[in-house]
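> no FASTA, just this:
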C-alpha cells in the first residue's frame, strides 16, 4: 500500500507497525472463519480500521509540521481509506465477491470509523493543528479561518454518513446481481512503472478476482508480498498484447 505523495518518511513507521499488528490479528481470526463471509468481512473491517486510525494520527502530525494543510489531510485520508479498503478486501476475501461488494464494504468501514472515539480524537487534534498553523501564519484572523475549515470538514463527514445510509438501504433490497462489463484503462499503464492490484485490474478491464486467477494460473507474476504486491506495467502491456492477439 503506497503512501500519498509528500507523506513524511519519519511518520511512516507507526503505520507500518499497525499493518504488521493487523496482519497478525487477521491471521489469528482467519483460522475460525472457514470461508464464512460475514465473519470474514468483520475481520477485514477491523484490519482496515486499525491501519487507517494509525495513518490518520500520523496525517495530523503532518499537518502539525506544515507538511500538509487541512485540505490535503481530507483529500489524502479519504483516498488512503478507499484504497486501503479495496486492497485489503481483495487480498483477504476467500469468498466470491464483486466490485460492488468491495465498494459497499468500503463505505461501511468509512461510516464505522467516523463514529469512533478515535476519529473524534483525530478531529480534535486536527482542529488544534490547524488553529496553531493558521495563528502562526495570519494571527487571530487565521485562527478564525481554521475554524471555518473545520466546520467544512464536519459537513463533509456528515455527507459521507448520509451516503452510507443510502447505500445500505439499496443493499437491503437484495436486487439480483448483474455482471458489469468493464472497459480496459490502458492509460493507467503510462502513470507508473508498477501498479497495485486494483489499478492492474482496471488497466486490463477485469475484476480483481479474475486478476487473482491469472496470477494463480501463472499468467501474471506480481512483485512483493501481501499488501505490498505490485504489477510491473511492462508485464501488463505484454499480457494485453498477447490477449488481444488471441481474440
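Great, that's in hand. Quick caveat: nothing in here was measured; it's all calculated off a predicted structure. Numbering: from 1, shown residues only.
> domain-wise, how is this protein divided?
Split into domains by automatic domain parsing, the chain comes to 9-171, 186-246.
> pull the distance from the last one to the chain's centre.
With CA atoms, centre = their mean, to the nearest Å as the basis, the distance from the averaged C-alpha position of domain 186-246 to the chain average is 19 Å.
> circling back to that earlier point, among the domains of the chain, which is nearest residue 2?
Across these, residue 2 has its closest neighbour in domain 186-246 (7.1 Å, CB to CB). Bear in mind the C-beta positions are built from the backbone N, C-alpha and C, glycine included.
> follow-up on the earlier one: quick check: which of the domains of the chain is nearest to residue 3?
Nearest to residue 3 among the domains of the chain is domain 9-171; the distance by CB to CB comes to 6.3 Å.
> give me the buried stretch members for the host helix or strand of residue 75, please.
Secondary structure from DSSP states H and E places residue 75 in helix 70-92. Buried residues in helix 70-92, counted by 16 or more other CB atoms under 10 Å: 70, 72-74, 76-77, 80-92.
> tell me the helices and strands packed up against that helix.
helix 37-64, helix 99-113, helix 117-138, helix 140-171, helix 197-204, helix 208-216 (3 or more CB pairs under 8 Å, 6 or more residues apart in numbering; DSSP states H and E).
> and the ones you listed, which one is worst for confidence?
When those are ranked by mean pLDDT, helix 140-171 comes last with a mean of 55.
> against which helices or strands is whichever helix or strand comes after that one packed?
The first helix or strand that comes after helix 140-171 along the chain, using DSSP H and E, is strand 194-195. Packing partners of strand 194-195 (3+ CB pairs under 8 Å, 6+ apart): strand 231-232, helix 233-246.
> contacts for strand 194-195?
With contact meaning CB atoms under 8 Å, 6 or more residues apart in numbering, strand 194-195 is reached by 188-189, 203, 223, 230-233, 236.
> farthest-separated two in these?
Greatest spatial distance among the contacts of strand 194-195 (CB to CB): 188 and 223, at 17.0 Å.
> higher neighbour count, those two?
Neighbour count, other CB atoms under 10 Å: between residue 188 and residue 223, residue 188 has more, with 17 against 11.
> close enough to count as contact, the more buried one and residue 199?
Yes. Under the criterion of CB atoms under 8 Å, residue 188 makes contact with residue 199 at 5.6 Å.
> show the contacting residues for residue 231.
Contact partners of residue 231, counting by CB under 8 Å, 6+ apart, are 194-197, 200, 220, 222-223.
> most neighbours of all these, which one?
Busiest of these [other CB under 10 Å] is residue 200, holding 27 neighbours.
> so it makes contact with residue 211?
Yes. The pair residue 200 / residue 211 is scored as a contact, 6.1 Å apart, by CB under 8 Å.
> list residues touching both of those two?
Common contacts of residue 200 and residue 211 (CB under 8 Å, 6+ apart): residue 220.
> report the buried residues of stretch 198-210.
Neighbour counts over stretch 198-210 (16+ other CB under 10 Å) mark 198-204, 206-208 as buried.
> distance to residue 12 added to those residues, as JSON lines?
Formatted as JSON lines, the buried residues of stretch 198-210 follow (distance: CB to CB, whole Å):
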{"residue": "198", "distance to residue 12": "21"}
{"residue": "199", "distance to residue 12": "21"}
{"residue": "200", "distance to residue 12": "24"}
{"residue": "201", "distance to residue 12": "26"}
{"residue": "202", "distance to residue 12": "26"}
{"residue": "203", "distance to residue 12": "27"}
{"residue": "204", "distance to residue 12": "30"}
{"residue": "206", "distance to residue 12": "31"}
{"residue": "207", "distance to residue 12": "31"}
{"residue": "208", "distance to residue 12": "26"}
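> I appreciate the help and will end here.
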